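Novice: Got a sequence here, can you build the structure:
(one chain, ligands or ions: 1)
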Amino acid sequence: MATRKTDDAIALLKAEPSQGEDLFAKAQKTRDAARKQALVTQICTELTIHALLEEEIFYPAITGQAEDDIIQEAYVEHDGAKVLISELLNSDPSNEFYDAKVKVLSEDIKHHVKEEEKPRVGIFAQARAAGLDLQELGGRIMTRKQELLTQFEGGNLPPPETRSFTGHKMRQGKPVDGGTQETK
Ligand SMILES: [Fe+2]
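Specialist: Take a look at the predicted model:
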């Protein structure tokens, strides 16, 4: 008997970034700095949880079952997003680049989601084709998600942990002086 796959691993993982998209739209629209920061913290929390669920459970399960390059690309995209998440969590809307960082993060995530959900070649399509036990993975993902939600409640996020970036030193140069917008 065919069952509807509403709680399999892929359905669960797919459901999350779409929420993120909605939150991004709200964060980009609001002029209230406190609300913006709260929304961005919520986005960062959701994305952090999503990345952890994939990196701890889904990507290891698909490793060896899907093309290596597509999995590696996903890790690198996650790590790129973590840099922006870290920047956002350590600043506030008064930072002149805050809105730009929110926008670039939203674009990066949109790209990442599009890649993962690509028909036939995307990581999700490859997982289905490989015949992974998606219900079992989905169960593990839901359990771990509950743990992480409790752990990160109220924006209590640890510094992001990279998987593919090896932490080369970067030197902070002279900050760009964007000037303040004066209204006359
Ligand atoms: Fe992902």
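Novice: only C-alpha atoms for contact and neighbour calcs from this point on.
Specialist: Fine.
Novice: next one: phi and psi at Arg120?
Specialist: Phi and psi for Arg120, reported as degrees, to the nearest 10, are phi 70, psi -50.
Novice: Run a quick neighbour tally on it.
Specialist: Arg120 has 12 neighbours, counted by other Cα atoms under 10 Å.
Novice: can you give me the helices for this protein?
Specialist: 9-29, 33-53, 59-62, 68-89, 98-116, 123-130, 134-151 (DSSP state H).
Novice: Now do the residue nearest to the spatial centre of the chain against Phe24, distance only.
Specialist: Nearest to the geometric centre of the chain sits Leu47, at 3.3 Å (Cα atoms, centre = their mean). Applying Cα to Cα, to the nearest Å, the value for Leu47 to Phe24 is 11 Å.
Novice: just Pro119 next, same as before
Specialist: Pro119 is 25 Å from Phe24, by Cα to Cα.
Novice: So those two - more neighbours on which side?
Specialist: The neighbour comparison of Pro119 against Phe24 (other Cα under 10 Å) goes to Phe24, with 21 against 12.
Novice: isn't the more buried one right next to Cys44, touching?
Specialist: No. Using Cα atoms under 8 Å, Phe24 makes no contact with Cys44, being 10.3 Å away.
Novice: Spatially, what comes nearest to Ile141 if we skip its sequence neighbours?
Specialist: Leu53 (6.2 Å; Cα to Cα, 6 or more residues apart in numbering).
Novice: Out of the helices of the chain, the one nearest Lys169 is which?
Specialist: Lys169 sits nearest to helix 68-89 of all the helices of the chain, at 13.2 Å, using Cα to Cα.
Novice: What mean pLDDT does stretch 135-150 get?
Specialist: Averaging pLDDT along stretch 135-150 yields 95.
Novice: contacts for that stretch?
Specialist: The contact list for stretch 135-150 (Cα atoms under 8 Å, 6 or more residues apart in numbering) reads Lys5, Asp7, Asp8, Ala9, Ile10, Leu12, Ile49, Leu53, Ile57, Phe58.
Novice: Weed out the non-buried ones from those.
Specialist: Asp7, Asp8, Ala9, Ile10, Leu12, Ile49, Leu53, Ile57, Phe58 (16 or more other Cα atoms under 10 Å).
Novice: Looking at these, which gets the smallest pLDDT?
Specialist: Confidence-wise, Asp7 trails the rest of the buried ones among the contacts of stretch 135-150, at 76.
Novice: Against Gly122, how distant is that one?
Specialist: 19 Å.
Novice: Would you mark the buried spots in stretch 95-108?
Specialist: In terms of neighbour count (16+ other Cα under 10 Å), stretch 95-108 has its buried residues at Phe97, Tyr98, Asp99, Val102, Lys103, Leu105, Ser106, Asp108.
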